[in-house]
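K.L.:
Got a sequence here, can you model it:
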Amino acid sequence: MRVIELFKSLQGEGKRQGAPCIFIRLAGCNLRCSWCDTAYAWAEGEEMSTGEILDLVWRLCGTRICITGGEPLLQRAPLLELLEKFDVHGYSVEIETNGTLDFRDMQQYASICMDVKCPSSGETSNLDLLKDITPRDSVKFVVADLDDCRYAQAVISHYDIRGEIFISPVAGSDYLAVAQYILDQNLPVRFQLQLHKIIGVK
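P.N.:
The predicted structure follows:
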């Protein structure tokens, strides 16, 4: 499995925001979002075995794991092997995915956070995957402007999304305008800033 980095920090976003978490950032991505803040994950990364990853995770002394990227589902076979091991050892796992690849075979081992790509990203997600989101999972819209907010609203109106929905402004965008749009439109979402960027941790 190709890994970019493995570290412990506070979860900066999503359902577990603020909780201590071990992050496994996998290498490679099939998208090139215009505002991507982890472009370094497009690199090859370091090849690591399942055993090596398990050992490093054990040394970090945590129970919550976030597998992110890049796009982690590009490494489907080794990722499933790793998830099975985490399940045996009782870890609680979340996978962050860009919503372009089928995640159903992962859901027995991990909750899914599907990042639906908005127009400002220059990319698109497969919205048909939203039907597979369960109450255990979540959906995130990263928005840069009000056009993105309107897109998110249209998607939310059209699809029956069973998981919790987050709207997260791109770092440096007009946070107040996004918050006001959510209030004005009474959107069934949770507004969320990236905590790790606010407090200055990885």
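K.L.:
drop to CA atoms for contacts and neighbour counts, all remaining ones
P.N.:
Will do.
K.L.:
quick one, helices of this structure?
P.N.:
50-59, 76-88, 146-158, 175-185, 195-199 (DSSP state H).
K.L.:
any idea how far the second one is from the chain center?
P.N.:
Spelled out, it's helix 76-88. 18 Å (CA atoms, centre = their mean, to the nearest Å).
K.L.:
now do the third one
P.N.:
Computed by CA atoms, centre = their mean, the separation of helix 146-158 from the middle of its chain amounts to 19 Å.
K.L.:
Start the count at 539 instead of 1 going forward.
P.N.:
New numbering, starting at 539: the last item is helix 684-696.
K.L.:
The residue nearest the centre of the chain bridge partners, please.
P.N.:
When the chain is reduced to its mean C-alpha position, the nearest residue by CA atoms, centre = their mean turns out to be E634, at 2.7 Å. Bridge pairing for E634 (DSSP bridges) gives the partners C651.
K.L.:
who's in contact with E543?
P.N.:
Contacts for E543 (CA atoms under 8 Å, 6 or more residues apart in numbering) come out as F561, I562, R563, L564.
K.L.:
Could you list the low-pLDDT ranges of this structure?
P.N.:
Low-confidence segments of the chain (pLDDT under 70): none present.
K.L.:
what's the neighbour count on L620?
P.N.:
18 (other CA atoms under 10 Å).
K.L.:
can you check the one 10 residues further on too?
P.N.:
With neighbours defined by other CA under 10 Å, the count for S630 comes to 17.
K.L.:
Also D653?
P.N.:
With other CA under 10 Å as criterion, D653 counts 20.
K.L.:
do the same with the one 4 residues further on
P.N.:
P657 has 19 neighbouring residues, counting by other CA under 10 Å.
K.L.:
and the gap between the closest residue to it other than its chain neighbours and S587?
P.N.:
Closest residue to P657 apart from its sequence neighbours, by CA to CA, 6 or more residues apart in numbering: D686 at 6.0 Å. Distance, D686 to S587, using CA to CA, to the nearest Å: 39 Å.
K.L.:
could you dump the helices of the chain to TSV with distance to D670?
P.N.:
Formatted as TSV, the helices of the chain follow (distance: least, CA to CA, whole Å):
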stretch	distance to D670
helix 588-597	27
helix 614-626	18
helix 684-696	14
helix 713-723	25
helix 733-737	28
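K.L.:
nearest to L544, of these?
P.N.:
Taking CA to CA, helix 588-597 is the member of these nearest to L544, at 7.9 Å.
K.L.:
What residues of the longest strand along the chain count as buried?
P.N.:
As assigned by DSSP state E, the longest strand anywhere in the chain is strand 540-548. In terms of neighbour count (16 or more other CA atoms under 10 Å), strand 540-548 has its buried residues at R540, V541, I542, L544, K546, L548.
K.L.:
All set now, cheers.
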